[in-house]
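Visitor: predicted coordinates and the sequence they were generated for:
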Amino acid sequence: MTMSDDARANMEWAEWFQGNYRLMTDEEKALARARLERRYSREYGKAVSVDGTPAQEGVLMGYALNIKKCIGCRRCAKACVEENNQSRGKDQEIEWIRVLKMEKGEFSQEKMNQGYPEGLGIQVGGNAYSPAGVVLEGEHYYQPEAVPEKDSAYMPIACMQCEKPPCVKVCPVRTTYREADGPVVIDYNWCIGCRMCMSACPYWARRFNWSDPKLPKEAMNPVTHYLGNRPRMKGVVEKCTFCIQRTRKGRYPACVEVCPTGARKFGNLLDPNSEVSRIIARKNVFRLKAELNTFPKFFYFMD
Amino acid sequence: MKIPAFLSAALLVAMLSFSSAWAEPVKCFESRKGASEVTQRTIGENLTNVKCSPKTGAVLWWSDPFDGTVPMGDMPVQDANFNSEKAVVKPRSDKLGLLPLCGNTCHTGVLPKGFPQNKDTRQLVLMHQAIVLDSTKLPHGRGNIWCLDCHHSTQRNKLVDHRDNPISFDQPQRLCGKCHGEVYRDWREGIHGKRIGEWASTGTKRWFVCTECHNPHNVQHGDRNRGFAQHQPEAAPALPKGLKTADHERRKSGAASH
């Protein structure tokens, strides 16, 4: 099969039988990337680069989000799609960022003992009929004329880039792993599509390509990374990588750059002068589902 | 004597509008509508300087974050822990349209007869009602400040500090920071506000100045929530396959969702 006259067949054979990206030698990695560059350039009709910049020493990427500033405009989610070559359109739309709308609730003395189910005295986080605003439930599909709406709070959620990621733990083929500088990545070629990671993820941060991704040629972003936004195939899981193709080159992630309120911050947790380090030092910070010991590198904060 | 509000508003809109968004070049706004627009243009093969949202007209993606920027200039702050040479901003003073003209014709400091001879707060009847309806009740500072506390009285293309020194419109933070000191400190250190470019603490960044995100003329505004004017959101994500509505997400409380 390797000796086939069909260039495409050769390429596909090589892709199917390549090793796990993590275990490849540098030469093998370069070959695999060059192969992909050729293939994508032909498929999308433009010069596509597949980068392989490894993690830098002394960098641990961290993210911070000011939940008091989020206005629920969803520009982050759309910018992410533009940048990271997600599938779009009615048949299969994939967005890595979800923006939850929650009602603003309040804690009051009279309601402290009210809970659900009624009468059992079990406090489940605010009365179900008067939300306390801290329960992780809300709407994704809100579509008002204008945001922010009165008495609403918004909480964007994407991959938390855990230090102890449950998704990595359960992956039977070890296609997903955590890079030394923070992001949890997927070697799409090695993914078998079992979706164990999706059920293990407590943050609903992973998406599955049920069919061939719909990525228009003209909208395709040609600056890609092997572990990041290169076009995915049917049957693989994908997720946020802190825009590895940008951040490894020094640029901010796409969602940080479009946030109109500056709610999103990104920086190096090991650098005391970075934006996130200063936020953690100075602001009220919390992490989602901290009790699960996943140690997210995504911090929510308030002024 | 009294000019109908709609007339003066229409006049202002006609005078101040830079050029219609429906003219040939695609214009989209950067942070908020009404401030810092960019014109979409091609800068390479299949590459535009920005990508705009087809739904809301907001910038969704910058190809070159430093396009059209200039060094921010000095920020006289003691113990400032940043490298101001690496800070760039998008200049706004050259896009001010009519403001320089105002200082040359009427507001030169030599006030003609009949014009108020001091800087005291007064009701404006002829102009600027499109910006703020009642200048004695500016929705900023809860009625304690008015136009000339921020705008220079004779150089209309400048802001003014507390000692009557002009401040460039490119550096509104030097004015805003006088009252909003804590926010200013956070902004300087990258906690507050928006920056694009390089994320390393020593990297070059384009800083968004105060007025690119906040409208100083209506910071306190009726239906607003958390300090930002309302605007149209991007489209909702696609519903899960087989679902026609998102009613399953609604709580039964009957609280107004949507």
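Guide: Looks like it came in fine. Numbers count the residues shown, from 1 in each chain, chains lettered A, B, ... in the order given.

Visitor: could you pull out the helices for the stretch 201-303 of chain A?
Guide: For the stretch 201-303 of chain A, the helices defined by DSSP state H, counting those that start in this stretch occupy A:244-247, A:254-258, A:275-282.

Visitor: out of those, deepest packed?
Guide: Burial of the helices of the stretch 201-303 of chain A is given as mean neighbour count (mean count of other Cβ atoms under 10 Å in any protein chain shown); helix A:254-258 ranks first at a mean of 28. C-betas here are computed from N, CA, C, even on glycine.

Visitor: any idea where the helices of the stretch 51-200 of chain B begin and end?
Guide: So, for the stretch 51-200 of chain B - with DSSP H, counting those that start in this stretch - the helices run B:99-105, B:173-179, B:181-188.

Visitor: count of residues packed around the residue of the stretch 151-300 of chain A found nearest chain B?
Guide: Closest approach between the stretch 151-300 of chain A and chain B, counting by Cβ to the nearest Cβ: A:Gly262, at 3.4 Å. Residue crowding around A:Gly262 was assessed by other Cβ atoms under 10 Å in any protein chain shown; the count is 20.

Visitor: contacting residues for the residue nearest to it when sequence neighbours are not counted?
Guide: Nearest residue to A:Gly262, sequence neighbours excluded (Cβ to Cβ, 6 or more residues apart in numbering or on different chains): B:Lys194, at 3.4 Å. Each residue near B:Lys194 by Cβ atoms under 8 Å, 6 or more residues apart in numbering or on different chains is listed here: A:Cys259, A:Pro260, A:Thr261, A:Gly262, B:Ser31, B:Phe208, B:Glu212, B:Cys213.

Visitor: any stretches of the chain with poor pLDDT?
Guide: By default, I'm working from chain A. Applying pLDDT under 70 to chain A flags the ranges A:1-4, A:7, A:105-138.

Visitor: wrong one, I was asking about chain B
Guide: B:1-24, B:76-85, B:97-117, B:221-227, B:249-258.

Visitor: with adjacent residues omitted, what lies nearest to A:Ser41?
Guide: Spatial nearest neighbour of A:Ser41, chain neighbours left out: A:Val48 (4.8 Å); criterion: Cβ to Cβ, 6+ apart.

Visitor: ditto for A:Lys214
Guide: Using Cβ to Cβ, 6+ apart, the nearest residue to A:Lys214 is A:Gly89, at 4.5 Å.

Visitor: spell out which parts of the stretch 51-200 of chain B neighbour chain A.
Guide: Residues of the stretch 51-200 of chain B lying close to chain A (Cβ under 8 Å from any Cβ of the partner chain) are B:51, B:53, B:56, B:58-62, B:65, B:81, B:186, B:189-200.

Visitor: before we move on, the earlier item: list the contacts for the residue of the stretch 151-300 of chain A closest to chain B?
Guide: A:Asn66, A:Lys69, B:His192, B:Gly193, B:Lys194, B:Arg195, B:Phe208, B:Cys213.

Visitor: return the subset of these lying in strands.
Guide: A:Asn66, B:Arg195 (DSSP state E).

Visitor: show me where the chain has strands.
Guide: Picking chain A for this. Listed in chain order, the strands of chain A (DSSP E) span A:49-51, A:61-66, A:98-103, A:126-127, A:130-131, A:152-157, A:176-178, A:184-186, A:206-208, A:223-225, A:237-239, A:264-268, A:284-286, A:298-302.

Visitor: switch to chain B, that's the one I care about
Guide: For chain B, strands defined by DSSP E occupy the ranges B:27-29, B:37-39, B:42-44, B:47-48, B:50-52, B:59-62, B:70-71, B:87-89, B:158-160, B:166-168, B:195-197, B:205-207.
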